[in-house]
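In: Sequence plus the predicted model coming up.
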Amino acid sequence: MCASRVSPVIRSRRQTQRLYDGLAYAVLIGTFGFAVFPILWTLLTSLKPNADIVTAEIQYLPLRPTLQNYVTLWGQAGFPVMFVNSTIVTALTVLVCLAVGITGAYSLSRYRFRGRGQLLLFYLVIRMFPAVLLLLPIFIALRVLGLYDTHLGLALAYTAFLLPVCIWVLKGFFDSIPPELEDAARIDGCTRAGAIVRVVLPLARPGVAATAVLVAISAWNEFLFALMLTTSQGIRTWPVGLQLMVGEYQLPWGLLTAGGIISIAPILVFFALVQRALVRGLTLGAVKG
Amino acid sequence: MDRRHFLKASLGSGSALLVAACAPQAVAPPGVSSSGAATSGPAPASAPAATIAPAALTGTVSYWHTFTSQSEMDGLDKVTKAFNAKYPKVTVNSENVPNSDFMAKFTLAVQGGGKPETTMISSVRLPDMVTMGGLIDLTSRVATWDQRQYLPPERFKDATVNGKIYGVPSFAFVNWMYYRADWFKEAGLAPPKTFDDFQNAAIKLTDPSKNRFGFGMRGAGGGEGLLIEVIRSFGSPIVDDKGEPAMDRQKATDAVRWYSELYTKYHAVPPSVTNDSFQQIMTGFSTGQTAMLWHHTGSLIDVGTALGADSGKFGTLPRPAGPAAHIADVSYSYNGMSDPKNADADWAWLDFWAQPDTQIAFLESTGYFPSSTKVADDARVQKNPYYAAAIETLKFGGPAPAFAGSSNWGLTVVLPNFQRVLLGEIKPEEAVDVMMKGLDKAVKG
């Protein structure tokens, strides 16, 4: 009989909990809406014909949805080439950053040598410099090396200011992996490099994946260096192509929004590919016993 | 290194940098002497000893420009193809650079190598480009140029530094106005010729129930230029012939009052006026919200595309005449040489831009008005009804007043104080007082 009656204190606690849950969801939904609305608006605008974009009264949903903006943009001279250029430069940047970053982060994590602290600090100091200040020395260096207006030159320029981030993030993940695991592998006959490949990297997969995503997004979206360090249409990247559509007296909203949505697509695909590695790494065990 | 030693080292190196920065300069950037004056820069382009036949001229010409829209690129494509037809052995490599980043890229090229052979130049940038040693003196070439007779001296004014010419005019931006011819016809109004006509039409064509306003005033970025034109139309100069401040307080106040009352008293301007820059006023006009718009010839193609070039919905007019003067700014875009590896081929490219057929081809694609008087007299230009307003304007229009710091004065003093008048925060005379003080400071330092 008493079990069917709920204590007023418990009833009040449940109500309070529901109230807090409701407020939390309201904040989450509001924040989500605030973050997603611009992207949604860009997508909806990209599906409207030009006549429906600039109107006297605002139209939220496309009344006459069309893919013409995508077709026109892709058909414009040079855009598929710019897309491919961005892909090549981004891939090169990720490869170079990971190759150098993994070895650099591992050595900073595992070894103690003179100047180690200063080197780490130096990487942070580089990040404090506005990228535009590095432009002239990098420009001159690339011209001297014959890498101006090349994919590799641009990738190396990106590496200059993305590698510090790469090293710091990876070092943090390597620090969390107990050195005893590598010692165990080496006792079993592994070389140092073998231990890195067989033991450390699989455990650091979430970190490597996260770093790759950060580097890829930064390299894909980068505009200033891409504009200044390339000159020919054959090397220009996607962000430069989009910026060049913004005229002094003309603004093709349909094409620009279509370009923005196309820009997001490769990053979404890349993130989807590495997402599994990120999740799998979280569920793997570490030291047992 | 511990924290204390790190802080000491940082303080020491920071102090050393500060001392070095404050010390007298021993090394100056390229193109600038230690005293800050421009160095002699690259050697001037000498006039060709003998004319080379077009078919025999060889070489590659690199050209930097800021064209971005489809119409501009179509126009450039037409010009390039026509050039290749005349000079089959000369290759033109054009590179477009966003307008907002042009100076950064040009400066980088001057400092680090890689200057283009020829380049588009806007009048506001030319002095800086000359100072850094980025442009070639073209005075001797222009002096013996056969197209010189069709380019009056004032068209070279903004391309001349210390008596030397660094650019040749390629096309003009002629300030004019657009109006909804169909609305005027509906209301039985004649196109406005004076400020009184203009005000009257703006009031009569305003109908909030139809979301219609008489005038799309540019109250955000770029609007300061239009206000300065109105001030000059009321008889107040900005600077005198010697470059000294010369604003007339009463006349300038009358001008600011007249212009602002279009919004504050007659509500003939959209309420978003203080946020309306180029895109907003163009959108308002194109979507049938405003009856009149002040801009220049560069936007003709877009207005025609939006409203229909042959629809009869819109027309073009010279700016209305003010109580004391008829003012309309005319500015020119120039082409110049920066690093001429093939001087004759590079000059051939610059010369080609001044040819009548080239200028008309570019005009038809972009609406950018020709710089050459010969072209303006061409039948193809004369018979186009839209161009009549530009031809008429060229008879009285001229360059905007320019002095060191004029752009900054307009943007940071004139515009914000005009916006405060529009918002009712200050009176026109108070705004003019601030503008005059700011002008004194900009001119005298």
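Out: It's in. What you are looking at is a predicted structure, and each value in this text was computed from that prediction instead of being measured. Numbering: from 1, shown residues only, chains lettered A, B, ... in the order given.
In: Please parse chain B into its domains.
Out: B:54-171+B:333-383, B:174-329+B:401-444 (automatic domain parsing).
In: secondary structure class for the closest residue to B:Phe396 other than its chain neighbours?
Out: Of all residues not flanking B:Phe396 in the chain, B:His326 sits nearest, at 5.1 Å (CB to CB, 6 or more residues apart in numbering or on different chains). Heads up, the C-betas are built off the backbone N, CA and C, glycines and all. When classified by DSSP: H, G, I helix; E, B strand; the rest coil, B:His326 comes out as coil.
In: What is the neighbour count of B:His326?
Out: 17 (other CB atoms under 10 Å in any protein chain shown).
In: ok, it to chain A distance?
Out: 25 Å (CB to the nearest CB, to the nearest Å).
In: Was I right to think that residue contacts B:Thr393?
Out: No: counting by CB atoms under 8 Å, B:His326 does not reach B:Thr393; the two are 9.2 Å apart.
In: Now do the shared contacts for those two.
Out: Taking CB atoms under 8 Å, 6 or more residues apart in numbering or on different chains as the contact rule, B:His326 and B:Thr393 both touch B:Pro318, B:Arg319.
In: Can you list the low-confidence ranges for chain B?
Out: B:1-52 (pLDDT under 70).
In: Scan it for its longest strand.
Out: The longest strand of chain B (DSSP state E) is strand B:168-180.
In: With chain A in mind, check whether that one reaches it.
Out: No: residues of strand B:168-180 contacting chain A under CB under 8 Å from any CB of the partner chain: none, with a closest distance of 9.8 Å.
In: Could I get the buried residue list for that strand?
Out: B:168-180 (16 or more other CB atoms under 10 Å in any protein chain shown).
In: Paired strands for the helix or strand where B:Ser333 lies, with orientation please.
Out: Take DSSP states H and E as the rule and B:Ser333 turns out to sit in strand B:330-337. When pairing is defined by DSSP bridges, strand B:330-337 lines up against strand B:118-122 (antiparallel), strand B:168-180 (antiparallel).
In: from the middle of its chain, how far away would it be?
Out: Averaging C-alpha positions (CA atoms, centre = their mean, to the nearest Å) puts strand B:330-337 9 Å from its chain's average.
In: for stretch A:153-161, same thing?
Out: Worked out by CA atoms, centre = their mean, stretch A:153-161 lies 16 Å from the chain centre.
In: Other residues contacting that stretch?
Out: Residues external to stretch A:153-161 that are found in contact with it (CB under 8 Å, 6+ apart): A:89, A:92-93, A:96-97, A:100, A:126-127, A:129, A:131, A:134, A:138, A:142, A:145, A:147, A:218-219, A:222, A:225-226, A:229-230, A:235, A:237.
In: So which of these belong to helices?
Out: A:89, A:92-93, A:96-97, A:100, A:126-127, A:131, A:134, A:138, A:142, A:145, A:218-219, A:225-226 (DSSP state H).
In: filter those residues to the buried ones?
Out: A:Val89, A:Leu92, A:Thr93, A:Val96, A:Cys97, A:Ile138, A:Leu142, A:Ser218, A:Ala219, A:Phe225, A:Ala226.
In: ok now do the third one, which residues does it touch?
Out: Spelled out, that is A:Thr93. Counted by CB under 8 Å, 6+ apart, A:Thr93 has contacts A:Ala155, A:Tyr158, A:Thr159, A:Leu162, A:Val215, A:Ala216, A:Ala219.
In: from those, which is closest to B:Ala268?
Out: Nearest to B:Ala268 among the contacts of A:Thr93 is A:Ala219, at 51.1 Å by CB to CB.
In: Run through the residues that contact that closest one.
Out: A:Val89, A:Thr90, A:Thr93, A:Val94, A:Ala155, A:Tyr158, A:Leu162.
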